[in-house]
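**Q** I need the structure of the sequence given here:
(2 chains)
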Protein chains: 2
Amino acid sequence: MRTLTVELGTRSYPIHIGSSLLNDPDLYRPHVRGSQVMIVTNETVAPLYLEPVRQALDGLHVREVILPDGEVYKTLEVWNRIFDALLAERFARDCTLIALGGGVIGDMTGFAAACYQRGVDFIQVPTTLLAQVDSSVGGKTGLNHPAGKNMIGAFHQPRAVIADTDTLGTLPQRELSAGLAEVLKYGFIRDAEFLDWLECHMTGLMSRDPDTLAHAIQRSCEVKAQIVAEDEFESGSRALLNLGHTFGHAIETGVGYGEWLHGEAVGAGICLAAALSARLGWLTEAEVERTHRLIAGAGLPTGRPADLAPERMLELMAVDKKVLAGQLRLVLLKQLGEAVVTSDFDRDALAHVLA
Amino acid sequence: MRTLTVELGTRSYPIHIGSSLLNDPDLYRPHVRGSQVMIVTNETVAPLYLEPVRQALDGLHVREVILPDGEVYKTLEVWNRIFDALLAERFARDCTLIALGGGVIGDMTGFAAACYQRGVDFIQVPTTLLAQVDSSVGGKTGLNHPAGKNMIGAFHQPRAVIADTDTLGTLPQRELSAGLAEVLKYGFIRDAEFLDWLECHMTGLMSRDPDTLAHAIQRSCEVKAQIVAEDEFESGSRALLNLGHTFGHAIETGVGYGEWLHGEAVGAGICLAAALSARLGWLTEAEVERTHRLIAGAGLPTGRPADLAPERMLELMAVDKKVLAGQLRLVLLKQLGEAVVTSDFDRDALAHVLA
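**A** Sure, this is the predicted structure:
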């Protein structure tokens, strides 16, 4: 087992990465204050992993909520079912929520923990690569609104993250690729050496070699933990983690939540960010091509959906959270391995890249 | 104008109390970061005070959401209308929300500010006595769930509180009384001298003498600000502010939200807390009678609704947020002017007091 710590003072927490962790009582117990535990999971994950997690919590008062599976259910109405369950069981302020699933479950459960009785504890047990390297680390929680993704939410740090690599064995190939988009992102924004390593080991990653995956998850979490520790509430460098995301959110909203996976949209978004960076003279055409090769090598799309018009994408990008005082800001690449947040590009260059 | 400060480090903020403040641009401007301002108010308050507040914000990009009036609308569905409005107008992270109204508007607006794009600024402009002395100070925000009051929420401090005493002129007498319940509460929990002063000045308060009201508001905010500064997130002494509230919430839920005003339920709750304190030998019968006189003198009920069975009240109290590890904790009175949080009473004593 590999363990690293997200350093956030009194809100610091461990990330455990490895095999056979999901059913290890010792990883949960230090982080459960009271006796009431609510496992929040979905219909796909429950048959696979609910029972081993329940067993690890043997002796506690454990209940569960099983939500429908998919980004399309990351809504206020479905979120409310978690409160229905907590209140039906009279859960108190010292209860603990456990998010067992991918990013959608993690975001909704974390946000419910942030708001139930104005804040209770939660533990992340991510079962997808995307959640293990991204959404379960850093305390961003939230929901979608028909007018935009993750528009309603809170910063609420988990007490612990338990990333069991065995769960990746049951992951559909498309979701593995989606997770690799975020893994690649860490290389692009801050670690050229990791990007080189990923280029060499993409075959191993795509064929799910356990050690190769474990290293990729660890390095991804290290980069993310470092950036989150620098800037917990996203007033500065944390925004770099949004590389590809403003493009990606527009794609996800434009095609309808759930049509493209988040990671697929981010993969395409990274390519679009690279293309715009090249127009600004920051990247060479060869670097843009290398970006496309890396993204395509992970089985990801490298451009916007054919049926999403550039004008509509521009419109959707304008409501992104990264818009400040009416000015669209994007994460772009100074070079491969160094991202910056900037609004220093003209609308025409952006429109050209989208076309 | 009287100004005091809630001392919370980087989250400190001023409370301004006085006449003709609502339309004073200088009180808003230092707390508005960007140019986008969303005023959230209700159908009762809008015709009276929306225009003067708009005028004070002249030159900024101001929009408004007008919600239905009443505790019964403090729901997830109505709350979502604030996000609909913010997103329809593409409000960015540097926007400011203004809560113009009573406690329901303040709680819902504050909670929307806590969650919109994971947190934006807001200013409280309370227009009821209850909101001026209680709900707009201290950063507790939230919503009701059918199974319990304020079960979904967040701690989110306002940037400023602007309490214009002129707004109390249009307040129905029943709401004035409801506000006085919280004013009296501050005397009961921590300030015997203030309680004496209130006893002497109840006639002036009930007839809305401006100077008497202004003093009562100031002293109430001072006590609350002191307690909040001691314990922002309610891990200790802040729980004292819940005197009468566990009983009160059970009454509000039991009769249906909106039937009894919050302050009315709290007034009755303080009498019930005093009665239980007497059974524990902490208060004399004379002190219980004085408590009843004070509460009745403010035009408030002194006991549970006749049609709410004691058994049902016990049941509702068991789901209160103050239940810790299955143990019901109540705020009771060691003496008039000194409250304590305790679970050191037996179920029979409580049942007897409710009967």
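**Q** and the gap between A:Gly269 and A:Ala349?
**A** According to CB to CB, to the nearest Å, A:Gly269 stands 16 Å off from A:Ala349. For glycine as for every other residue, the C-beta is placed from the backbone atoms N, C-alpha and C.
**Q** looking at those two, which one has more neighbours?
**A** Each of A:Gly269 and A:Ala349 has its neighbours counted (other CB atoms under 10 Å in any protein chain shown); A:Gly269 has more, 29 against 14.
**Q** secondary structure element holding the more buried one?
**A** According to DSSP states H and E, A:Gly269 maps onto helix A:262-279.
**Q** assign a three-state SS to A:Gly299, would you?
**A** At A:Gly299, secondary structure determined by DSSP: H, G, I helix; E, B strand; the rest coil is coil.
**Q** can you tell me the element the nearest residue to it once chain neighbours are set aside falls in?
**A** In space, A:Gly299 comes closest to A:Ser177 once its chain neighbours are excluded; the distance is 3.7 Å by CB to CB, 6 or more residues apart in numbering or on different chains. Take DSSP H and E as the rule and A:Ser177 turns out to sit in helix A:173-190.
**Q** let's see that helix as CSV, backbone CA atoms only.
**A** Extracted C-alpha coordinates of helix A:173-190, given in CSV (Å, rounded to 0.1, in the frame of the first residue of the first chain):
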residue,chain,number,x,y,z
GLN,A,173,-12.5,0.5,-21.2
ARG,A,174,-14.1,3.8,-22.0
GLU,A,175,-14.0,4.8,-18.3
LEU,A,176,-10.4,3.7,-18.0
SER,A,177,-9.6,6.1,-20.9
ALA,A,178,-11.6,8.9,-19.3
GLY,A,179,-9.5,8.5,-16.1
LEU,A,180,-6.3,8.6,-18.2
ALA,A,181,-7.3,12.1,-19.4
GLU,A,182,-6.9,13.4,-15.9
VAL,A,183,-3.7,11.5,-15.4
LEU,A,184,-2.2,13.0,-18.6
LYS,A,185,-3.5,16.4,-17.4
TYR,A,186,-1.1,16.4,-14.4
GLY,A,187,1.8,15.8,-16.8
PHE,A,188,0.7,18.6,-19.1
ILE,A,189,0.3,21.2,-16.4
ARG,A,190,3.3,20.6,-14.1
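**Q** could you list every helix and strand that the helix or strand just after that helix packs against?
**A** If you walk from helix A:173-190 toward the C-terminus, the next helix or strand you reach (DSSP H and E) is helix A:192-206. For helix A:192-206, the packing partners by 3 or more CB pairs under 8 Å, 6 or more residues apart in numbering or on different chains; DSSP states H and E come out as helix A:173-190, helix A:210-230, helix A:285-297.
**Q** residues touching A:Lys74, list them.
**A** Shown in contact with A:Lys74 (CB atoms under 8 Å, 6 or more residues apart in numbering or on different chains): A:Val104, A:Asp107, A:Met108, A:Leu143, A:Asn144, A:Tyr257.
**Q** hang on, I meant A:His16
**A** By CB under 8 Å, 6+ apart, A:His16 lies in contact with A:Met1, A:Arg2, A:Thr3, A:Leu27, A:Ala160, A:Val161, A:Ile162, A:Ala163.
**Q** okay, and for the stretch 1-150 of chain A, where does confidence drop off?
**A** For the stretch 1-150 of chain A, no stretch is flagged by pLDDT under 70.
**Q** ok, which residues in it are in contact with chain B?
**A** Counting by CB under 8 Å from any CB of the partner chain, the stretch 1-150 of chain A comes close to chain B at A:34-35, A:76, A:80, A:83-84, A:87-88, A:90, A:92-94, A:114-119, A:140, A:142, A:145, A:147-148.
**Q** just to revisit the earlier point, out of the contacts of A:Lys74, who's nearest chain B?
**A** Minimum distance to chain B across the contacts of A:Lys74 is 8.7 Å, recorded for A:Leu143 (CB to the nearest CB).
**Q** up against chain B, what does the stretch 151-300 of chain A have?
**A** Residues of the stretch 151-300 of chain A lying near chain B by CB under 8 Å from any CB: A:Met151, A:Ile152, A:Gly153, A:Ala154, A:Phe155, A:Phe233, A:Glu234.
**Q** quick one: A:Leu241 from chain B, how far?
**A** A:Leu241 is 14 Å from chain B, where distance means CB to the nearest CB, to the nearest Å.
**Q** tally of neighbours for that residue?
**A** Using other CB under 10 Å, the number of residues around A:Leu241 comes to 24.
**Q** and if you look at the one 5 residues further on?
**A** The burial count assigned to A:Thr246 is 22, neighbours taken as other CB under 10 Å.
**Q** ok, and for the helix or strand containing it, which residues are buried?
**A** In this assignment (DSSP H and E), A:Thr246 forms part of helix A:245-255. By neighbour count with 16 or more other CB atoms under 10 Å in any protein chain shown, helix A:245-255 contains the buried residues A:His245, A:Thr246, A:Phe247, A:Gly248, A:His249, A:Ala250, A:Ile251, A:Glu252, A:Thr253, A:Gly254.
**Q** re earlier: the helix holding A:Ser177 vs helix A:245-255, what angle?
**A** With axes from the mean of the first three to the mean of the last three CA atoms, to 10 degrees applied, the angle from helix A:173-190 to helix A:245-255 works out at 150 degrees.
**Q** other SSEs contacting helix A:173-190?
**A** helix A:129-130, helix A:192-206, helix A:210-230, helix A:262-279, helix A:285-297, strand A:338-342.
**Q** looking at the ones you listed, which one is packed in the most?
**A** With neighbours defined as mean count of other CB atoms under 10 Å in any protein chain shown, those peak in mean count at helix A:129-130, which reaches a mean of 28.
**Q** and that one, what does it pack onto?
**A** Counting contacts by 3+ CB pairs under 8 Å, 6+ apart, helix A:129-130 packs against helix A:173-190.
**Q** try 10 Å this time
**A** With contacts taken as 3 or more CB pairs under 10 Å, 6 or more residues apart in numbering or on different chains; DSSP states H and E, helix A:129-130 sits against helix A:103-115, helix A:173-190, helix A:210-230, helix A:262-279.
**Q** that'll do, ta.
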